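Student: The following block contains a protein sequence and its predicted model.
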Amino acid sequence: MPDYTGGDLDLRGLRRGAYVIVGGIVCALGVSALVLYERGPAANTPPHAFAGKAPLLQPAPQPDRAAYFEEKRRATGTYGWVDRQAGIARIPLDEAMKVMAARGAQ
């Protein structure tokens with residue numbers, strides 16, 4: 001088995017390979033710059049920066065979230081009128097599923 005001493009490493013070939021890689025990167029950057037210059041910015045680029053006010057964020061949205069879900073739970077779990085004039089009412093979700101299952105079985 002030959003003993004490796006490191007003297008048989010071709011540094012000239014490694015250097016050429018490094019130059020090829022660097023040259024490829026430089027060419028790719030150059031072509032990209034030319035394409036960007038010729039075609040302009042992307043179609044979805046805004047014409048100017050957004051200058052509006054920042055959105056107002058709630059410091060603690062948890063109470064509003066809990067109230068929202070409680071309202072939805074109440075709306076899907078109780079009887080009530082949606083539009084009394086048109087005769088549209090709501091029923092609890094469990095009851096609605098039982099009615100639909102009974103209709104599907106027929």
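Tutor: Arrived safely.
Student: Identify the single longest helix in the chain, thanks.
Tutor: helix 11-39 (DSSP state H).
Student: pLDDT of the helix or strand residue 102 falls within, averaged?
Tutor: Per DSSP states H and E: residue 102 is located in helix 93-105. The average pLDDT within helix 93-105 is 88.
Student: got a pLDDT number for the residue nearest the centre of the chain?
Tutor: Of all residues in the chain, the one closest to the mean position by CA atoms, centre = their mean is residue 44, 16.5 Å from it. pLDDT, residue 44: 82.
Student: And it, how close does it get to residue 57?
Tutor: 26 Å (CB to CB, to the nearest Å). (Glycine included, C-beta is placed from N, CA and C.)
Student: With residue 32 instead?
Tutor: Residue 32 is 38 Å from residue 57, by CB to CB.
Student: The two: who's more crowded?
Tutor: residue 32 (10 against 6; other CB atoms under 10 Å).
Student: who does the helix-or-strand element of the chain with minimal mean pLDDT touch, helix- and strand-wise?
Tutor: Lowest on mean pLDDT, DSSP states H and E among the helices and strands of the chain sits helix 93-105, with a mean of 88. Packing partners of helix 93-105 (3 or more CB pairs under 8 Å, 6 or more residues apart in numbering; DSSP states H and E): helix 62-77.
Student: Just the angle for the helix it packs on relative to helix 93-105, thanks.
Tutor: Using axes from the mean of the first three to the mean of the last three CA atoms, to 10 degrees, the direction of helix 62-77 lies 40 degrees away from that of helix 93-105.
Student: any idea how far the least confident helix or strand of the chain is from the chain center?
Tutor: 37 Å (CA atoms, centre = their mean, to the nearest Å).
Student: neighbouring contacts of that helix?
Tutor: 76, 77, 91 (CB atoms under 8 Å, 6 or more residues apart in numbering).
Student: Only the C-alpha atoms, please, for it, written as CSV.
Tutor: Extracted in CSV, the C-alpha atoms of helix 93-105 (Å, rounded to 0.1, in the frame of the first residue of the first chain):
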residue,chain,number,x,y,z
LEU,A,93,-75.6,22.0,15.4
ASP,A,94,-76.2,18.6,17.0
GLU,A,95,-79.9,18.7,16.2
ALA,A,96,-79.1,19.8,12.6
MET,A,97,-76.8,16.8,12.1
LYS,A,98,-79.5,14.4,13.5
VAL,A,99,-82.0,15.9,11.1
MET,A,100,-79.7,15.6,8.1
ALA,A,101,-78.7,12.0,9.1
ALA,A,102,-82.4,11.1,9.3
ARG,A,103,-83.1,12.6,5.9
GLY,A,104,-80.1,10.8,4.4
ALA,A,105,-81.3,7.5,5.7
